[in-house]
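**Student:** Using only what follows, build the 3D model:
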Amino acid sequence: MSNGLDVFDEVADRDEQPPRRSRKKLWIIIAIVVVVVIAAIGFGAAQELGYGFYSDYSGSGAGDLLFQVNSGDTVRDIAANMQQAGIVASSTAFVRAARDNAGVADVQPGYYVLDKQMSGAAAAAKLVLPSSRVGELQVEAGWQLQDTTSTTGKVTKGLLSHIASATCATLNGQSTCLSTTDLQNAIQNTNPAALGVPDWAASALTDVDPTHRLEGLVPQGIYQLKPGETAVQTIKRLLSQADTALQGDGLPSTIQQSSGFSAYQILTIASIIQREAGTQADMPKVARVLYNRLALPMNLQLDSTVDYALDRPMVATSPADRPGAGPYDTYDNAGLPPTPISSPSTVAIQAAMNPTPGPWLYFVVCQKDLSSCFATTFPQHEANVQIAHNNGVF
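**Tutor:** Numbers count the residues shown, from 1 in each chain. Sure, this is the predicted structure:
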């Protein structure tokens, strides 16, 4: 027996279920979308892996272009940057060529001279050529800013000469080389802050002779310069990298609490250690001698600082020589010289930060392996000097 509601229930059930034709259309649309998405993903993957169609120029291109490989770049990063720079037609063209050129994976950060509109294969081949790499500067420990001349007349290139060489490249027939004069003029005529001198060093350079202004601020290491930049831009780029290197070596940016010396003073001490110590193993003990003398106070009495001012690398000095060194005469002037005297190594910086505990006040390179003898009294030091003479060290 009906209760009078069955008809409405049946109608309601029919309304809630979509017609079969509508459901069929919905599934067709979903299937089409899925196919399109899969196809797009597959096409993208094929492009990434170098399969299927991709754009590629033919030939070796024309028109020099300076290209930068950044630290941490992968082959695909390099490829994408090349495409954006107009070197290759597509990143895929380079990625595919790189699979056949093992040297691409070993390319180091820096600047390279390539060409516009190169084929992927040509770009990969030129990128790995040593002649394509430009702007690399390798700074060695102990270098000075200026060239030095020995008593025999031998000239040793200084940091400025090496910087000038590193700026050289030929772009579209034009040389990018800066001269040492360009660099010297930039240093002497530009405010240190505009040159990129870090804040922790800038205040110490206020009264420094501009010729020595940047001494020691570029430690041993590898730097990337960009050929074609001005002298000021080049120095600023170099000092930015150098400051990062110094902080990585542990140089503090403020007064070191344990020693009471500023970062610039510690850098100066490190530069002296670099020039005075015969071996890296002796550097922390040489540092202790310097700190002990400064604490007494006792003049440092170092030939290296005098030689620095007189442009005579590592020559024993006489009383007659020393006044000519001015503030770098540590025989007659108390305390540290006004600037560092060389580019220090990481070992020298860390020795200046962490000197070996000990009472020594004297040292001399005394052994044929260039290791030093240390002493607490002058008579002991004189005996060590005799050992050095007996060993033919000097």
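**Student:** Would you mind measuring from residue 192 to residue 384?
**Tutor:** Distance, residue 192 to residue 384, by C-beta to C-beta, to the nearest Å: 41 Å. The way it works is simple: take the backbone N, C-alpha and C, and place the C-beta from them, glycine included.
**Student:** Can I take it that residue 138 is in a strand?
**Tutor:** Yes: counting by DSSP: H, G, I helix; E, B strand; the rest coil, residue 138 is part of a strand.
**Student:** number of nearby residues for it?
**Tutor:** Residues within reach of residue 138, counting by other C-beta atoms under 10 Å, total 10.
**Student:** I figured it hits residue 222, correct?
**Tutor:** Yes: applying C-beta atoms under 8 Å, one finds residue 138 in contact with residue 222, separated by 5.3 Å.
**Student:** What ranges in this structure fall below the confidence cut-off?
**Tutor:** Residues of the chain meeting the criterion pLDDT under 70: 1-52, 255-258.
**Student:** Nearest the geometric middle of it, what residue?
**Tutor:** residue 223 (3.8 Å; C-alpha atoms, centre = their mean).
**Student:** Any chance of the backbone angles for residue 355?
**Tutor:** phi -70, psi 150 (degrees, to the nearest 10).
**Student:** Break this structure into its domains for me.
**Tutor:** Listed domain ranges for the chain are 21-52, 62-134, 137-248, 263-390 (source: automatic domain parsing).
**Student:** What helix or strand is the residue nearest to residue 266 when sequence neighbours are not counted located in?
**Tutor:** Among residues not flanking residue 266 along the chain, residue 352 sits closest, at 5.0 Å (C-beta to C-beta, 6 or more residues apart in numbering). Using DSSP states H and E, residue 352 maps to helix 346-353.
**Student:** Tell me the helix or strand right after that helix.
**Tutor:** strand 362-365.
**Student:** Please list the residues outside that next one that contact it.
**Tutor:** Applying C-beta atoms under 8 Å, 6 or more residues apart in numbering, the contact partners of strand 362-365 are 276, 278, 282, 285-286, 289, 371-378, 380-381, 384-385, 388, 393-394.
**Student:** Mind doing that once more with 6 Å?
**Tutor:** For strand 362-365, the surrounding residues in contact (C-beta atoms under 6 Å, 6 or more residues apart in numbering) are 278, 286, 289, 372-375, 381, 384-385, 388, 393.
**Student:** cool, and stretch 183-196?
**Tutor:** Defining contact as C-beta under 6 Å, 6+ apart, one finds that stretch 183-196 is touched by 160, 202, 205, 210, 213-214, 231-232, 235-236, 239-240.
**Student:** and it, how far apart are its ends?
**Tutor:** Taking C-alpha to C-alpha, to the nearest Å as the measure, stretch 183-196 stretches 14 Å from start to finish.
**Student:** centre of the chain versus it, how much separation?
**Tutor:** Centre-to-centre, stretch 183-196 and its host chain are 20 Å apart (C-alpha atoms, centre = their mean, to the nearest Å).
**Student:** So which residues of the stretch 151-300 of the chain form helices?
**Tutor:** 159-166, 180-189, 192-195, 199-202, 231-248, 263-276, 283-295 (DSSP state H, counting those that start in this stretch).
**Student:** Can you add mean neighbour count and distance to residue 124 and give these back as JSON lines?
**Tutor:** As requested, the helices of the stretch 151-300 of the chain are exported to JSON lines (neighbours: other C-beta atoms under 10 Å; distance: least, C-beta to C-beta, whole Å):
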{"stretch": "helix 159-166", "mean neighbour count": "20", "distance to residue 124": "25"}
{"stretch": "helix 180-189", "mean neighbour count": "16", "distance to residue 124": "35"}
{"stretch": "helix 192-195", "mean neighbour count": "16", "distance to residue 124": "38"}
{"stretch": "helix 199-202", "mean neighbour count": "17", "distance to residue 124": "42"}
{"stretch": "helix 231-248", "mean neighbour count": "19", "distance to residue 124": "27"}
{"stretch": "helix 263-276", "mean neighbour count": "26", "distance to residue 124": "41"}
{"stretch": "helix 283-295", "mean neighbour count": "21", "distance to residue 124": "44"}
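**Student:** Please identify which of these is closest to residue 105.
**Tutor:** helix 231-248 (24.3 Å; C-beta to C-beta).
**Student:** roughly how far out does the closest one sit from the chain middle?
**Tutor:** With C-alpha atoms, centre = their mean as the basis, the mean position of helix 231-248 lies at 7 Å from the chain mean.
**Student:** who does it touch, helix- and strand-wise?
**Tutor:** Identification of packing neighbours for helix 231-248 by 3 or more C-beta pairs under 6 Å, 6 or more residues apart in numbering; DSSP states H and E yields helix 180-189, strand 221-224.
**Student:** Export those as CSV, with columns for distance to residue 155.
**Tutor:** Shown next, in CSV, are these (distance: least, C-beta to C-beta, whole Å):
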stretch, distance to residue 155
helix 180-189, 12
strand 221-224, 23
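**Student:** backbone phi and psi for the residue nearest to residue 247 when sequence neighbours are not counted, please?
**Tutor:** Excluding the flanking residues, the one nearest residue 247 by C-beta to C-beta, 6+ apart is residue 253, at 7.0 Å. Here is the backbone geometry of residue 253 (degrees, to the nearest 10): phi -90, psi 0.
**Student:** ok, residue 322 touching residue 303?
**Tutor:** No: the pair residue 322 and residue 303 fails to qualify as a contact (C-beta atoms under 6 Å) at a distance of 9.2 Å.
**Student:** what about residue 111, is that helix, strand or coil?
**Tutor:** Following three-state DSSP, residue 111 is assigned to strand.
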